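A.B. asks: For reference, the sequence and a predicted model appear below.
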Amino acid sequence: QKEVEQNSGPLSVPEGAIASLNCTYSDRVSQSFFWYRQYSGKSPELIMSIYSNGDKEDGRFTAQLNKASQYVSLLIRDSQPSDSATYLCAVNGAGGTSYGKLTFGQGTILTVHP
Amino acid sequence: KAGVTQTPRYLIKTRGQQVTLSCSPISGHRSVSWYQQTPGQGLQFLFEYFSETQRNKGNFPGRFSGRQFSNSRSEMNVSTLELGDSALYLCASSFTDGYEAFFGQGTRLTVV
C-alpha cells in the first residue's frame, strides 16, 4: 500500500463546475496535510494546509480532513481553465523519521475545459 | 517577502561528474528540505536540515549529500553522477517541522 494515494486521473471538468480531488494516507499519526498545485514545467505551489478535522475554506478552495478515515480532500468551486494543473497531496508525520519530510501522492491531473 | 531561491536553474553534466545545488530559504525559515522529482517516481524526499543539522534522510545512496549553513542556506551535492540522476531537484523551506513548506523554482539537472 502506498503511503499517500490520490484518486487516479486525469480529471476533466467543465468551466464553472466543482472539481473534487481525494487523497488517503496510511500513517495514522500524520499531523499536517497540504495541497500543492503544479503547472507543467514549474515547481509545486502551496494552495491549502489543514491540520485538524473538518473543513477549511480559502476563496474557491475547500480542504476537508477526516483523520479517523485517514482521508483528505480538496474541492475547487467555480473551476477555471487556469486551474488546469497537477494537484499534489502531501502529508507530514509527527517528528522522528518524519522530520521535515513531506510524503507526496502521485498527483491528479486536472483539466478544466471551457 | 522573497521566496525560496534555487541556483542554478538548469545544469547539464556528464556521467561521473559531481554537482552542487544551492538553496536560499525564505527569511526566518530554519528548515530546508530537498526533493527529487522524476516522471516515474514523483516527488521523493532526499533530506532535511534544521539549524545546520541533518535531521532526516530519505532512501537515496550516499552519493547524495547536503549541508546547511548558519544563515540557513543549504547546498546539496551529488557525486559520480549517473544518467538516472537526471531530474528536477527542489528545495522547500519552512519555519519548522510540520509547518507549511514553500518550494523554490527547482534546478533541472540533465546528466548525459
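C.D. replies: Arrived safely. Quick caveat: nothing in here was measured; it's all calculated off a predicted structure.
A.B. asks: check which helix or strand covers the residue of chain B found nearest chain A.
C.D. replies: At 2.8 Å from chain A, B:E48 is the closest residue in chain B, using CB to the nearest CB. In short, each C-beta sits where N, CA and C put it, glycine included. Here B:E48 sits within strand B:42-50, counting by DSSP states H and E.
A.B. asks: Neighbouring strands - and their directions - for that strand?
C.D. replies: Note on strand B:42-50: by DSSP bridges, its sheet partners are strand B:31-38 (antiparallel), strand B:53-57 (antiparallel).
A.B. asks: which residues touch A:S43?
C.D. replies: B:L88, B:L90, B:F103, B:G104, B:Q105, B:G106 (CB atoms under 8 Å, 6 or more residues apart in numbering or on different chains).
A.B. asks: Can you pull the phi/psi pair for it?
C.D. replies: For A:S43, the backbone dihedrals (degrees, to the nearest 10) come out as phi -90, psi 160.
A.B. asks: circling back: quick check: closest non-adjacent residue to the residue of chain B closest to chain A.
C.D. replies: The shortest distance from B:E48 to any non-neighbouring residue, by CB to CB, 6 or more residues apart in numbering or on different chains, is to A:G100 (2.8 Å).
A.B. asks: any idea how far the one you found is from B:F47?
C.D. replies: Look at A:G100 and B:F47: by CB to CB, to the nearest Å, they are 8 Å apart.
A.B. asks: and for these two, which residues touch both?
C.D. replies: In contact with both A:G100 and B:F47: B:S33, B:N56, using CB under 8 Å, 6+ apart.
A.B. asks: That concludes my questions; thank you for your assistance.
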